[in-house]
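A.B. asks: Test case, fold it:
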Amino acid sequence: MPDMEEEEHDEGIVERENKGKQNMLIEKDEEHSKWTHIPSDILEMIMKRLKLIDFFGTSAVCSSWKATFTKAIANKHIKPLPELPLVILQSTKIPTSASSVLSIKSEEVCSFINKNTMLPESHHICHGTVEGWMILSISLFVDITNIIFFLNPVTGDVVIAPSPLKFPSNSPIPRRSNLNMGRMVASSSPKCEDCVVVGLFIDYVHIAYCRVNHDKSWTMIEAKKEDAWNFLDMEIFNGKLYVRTNMASSSMLVYDLQDSTNNPPKPIVLGEIPPIRPLPESRTHENQIHVKGNVIRFLTTGYAAEELLLIYLFNNYVFENDNVAYMNVVKQYASPPQVTKCEVFKLDTRSNKWVKLDHLGDRVIFLGYDKSYVMSRTLLNCSEELIAENSVYFALYFPCPEPWSKAQLGRLCLTDNKIKYFSLEEFGVELYAYPSWFLPSAW
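C.D. replies: As a prediction, the model looks like this:
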């Protein structure tokens, strides 16, 4: 036994010596490598011309490049070439499987983002994104509360919002674990001092918000019962919260969140939103209702958050009479709805009126329930086909019976309303999934 212990001890010494020699050789190679001695300012110029996957790969080349990369991240003065948003497909099956991350640019599943880091457990739900951060929740099944937190899937950083967020006790619908929070938006990265995060509950009656780095609890905004209206969508623009409602006048409410302390602010009513023209039509045939000209609305900020856009996506669909739930939401369609056309409106901040855009100009739009993006065509590192004029991408979720998939990914040309659908079967990913757009970032 003593001899065996001495042999193991000697082997350990030899192994450590070999590792030490290997490290010395690696360091020596780096010192003599012409790549190692590239001046940092020139390396930074190179990094600005790299796509995202190569941008992050620079940190793995050598210790010198890693130092330059780390400095660039810390100072936020270097960014990779702008690219199309990725598509996150979060499975709707129970138990939930890991998410898939797709790139419509390369038409493949992305590998540089660890999908298990993004949504590691089945009860993590993504409600929105902001500046490369995902806004997630964990439902606690005991008292139906949510822990809200931000996750940067590239860096692995996590920022937790103040205190658990409880489902409102006076909600008109019963509490439902894991499903009580809908879309969430934030004013900026959670690491910014003045970041505000806002959540819309699925009862369409309550909105909660908090200052991530200052507040100790959430402030609740409740729709007025006497007016019999509900909150439908929201977006933060110029420091204010714009909320679309189903008021008789189809107005939008504007809340100045900076104006309030512990009490919810009083809204300003913004004029009427554009009417739907023509109005949707419906007919019944053999217990099925056929709807033509239905509209899905998306509220989003434009490129660099310099404009507020309201986008109407028209579609036709079929459903059965008994498949309607709360707020007239269709629980299941007979077949996947078909997108037909799109209309885009921009808010004129001087007159507070909506102006229809007949041409998108430099814009390319990505529509999604949790987050929509408006990006500059001239700045995107993509082929001309992908960023052709008047392109509107959509990532939608429609519950349908098998064998149809629930996720729908496509591109519409605003000029002639021609549509191209992307086949998710070719990606080899989970078809029963909820799609979201996401722009990864290291900041």
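
A.B. asks: so what's the closest residue to Y397 other than its chain neighbours bridging to?
C.D. replies: Distance criterion CB to CB, 6 or more residues apart in numbering; nearest residue to Y397, sequence neighbours excluded, is Y434 at 4.8 Å. To be clear about C-beta, it is placed using only N, CA and C from the backbone, and glycine gets the same treatment. Beta-bridge partners recorded for Y434 (DSSP bridges): Q90.

A.B. asks: Please verify my assumption that Y434 contacts L89.
C.D. replies: Yes: applying CB atoms under 8 Å as the test, Y434 and L89 come out as touching, 7.3 Å apart.

A.B. asks: Can you check which residues contact both of these two?
C.D. replies: A407 (CB atoms under 8 Å, 6 or more residues apart in numbering).

A.B. asks: The two: which has the busier surroundings?
C.D. replies: Between Y434 and L89, counted using other CB atoms under 10 Å, L89 has the larger neighbour count: 26 against 22.

A.B. asks: which non-adjacent residue is nearest the more buried one?
C.D. replies: Computed as CB to CB, 6+ apart, the closest residue to L89 that is not its neighbour in sequence is A433, at 3.8 Å.

A.B. asks: again with K48
C.D. replies: I78 (5.9 Å).

A.B. asks: part of a helix, is that neighbour?
C.D. replies: No: under the criterion used here (DSSP: H, G, I helix; E, B strand; the rest coil), I78 is coil, not part of a helix.

A.B. asks: ok, it - contacts?
C.D. replies: By CB under 8 Å, 6+ apart, the neighbours of I78 are E44, M47, K48, A72.

A.B. asks: How confident was the prediction at the second one?
C.D. replies: Model confidence at M47, expressed as pLDDT, equals 83.

A.B. asks: ok, then the element right after the lowest-mean-pLDDT helix or strand in the chain?
C.D. replies: None of the helices or strands of the chain scores lower by mean pLDDT, DSSP states H and E than helix 115-118, at a mean of 46. Scanning forward in sequence from helix 115-118 by DSSP states H and E, the next helix or strand is strand 124-130.

A.B. asks: who does the helix or strand that that following strand is followed by touch, helix- and strand-wise?
C.D. replies: Later in the chain than strand 124-130, the nearest helix or strand by DSSP H and E is strand 133-140. In terms of contacts (3 or more CB pairs under 8 Å, 6 or more residues apart in numbering; DSSP states H and E), strand 133-140 is packed against strand 124-130, strand 145-151, strand 181-186.

A.B. asks: Make JSON lines from the ones you listed and add distance to E320 and mean neighbour count to it.
C.D. replies: Below are the helices and strands packed on strand 133-140 laid out as JSON lines (distance: least, CB to CB, whole Å; neighbours: other CB atoms under 10 Å):
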{"stretch": "strand 124-130", "distance to E320": "28", "mean neighbour count": "22"}
{"stretch": "strand 145-151", "distance to E320": "33", "mean neighbour count": "21"}
{"stretch": "strand 181-186", "distance to E320": "25", "mean neighbour count": "23"}
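
A.B. asks: Export these to JSON lines and append columns for mean pLDDT and distance to E235.
C.D. replies: Formatted as JSON lines, the helices and strands packed on strand 133-140 follow (pLDDT from 0 to 100; distance: least, CB to CB, whole Å):
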{"stretch": "strand 124-130", "mean pLDDT": "88", "distance to E235": "10"}
{"stretch": "strand 145-151", "mean pLDDT": "88", "distance to E235": "18"}
{"stretch": "strand 181-186", "mean pLDDT": "93", "distance to E235": "6"}
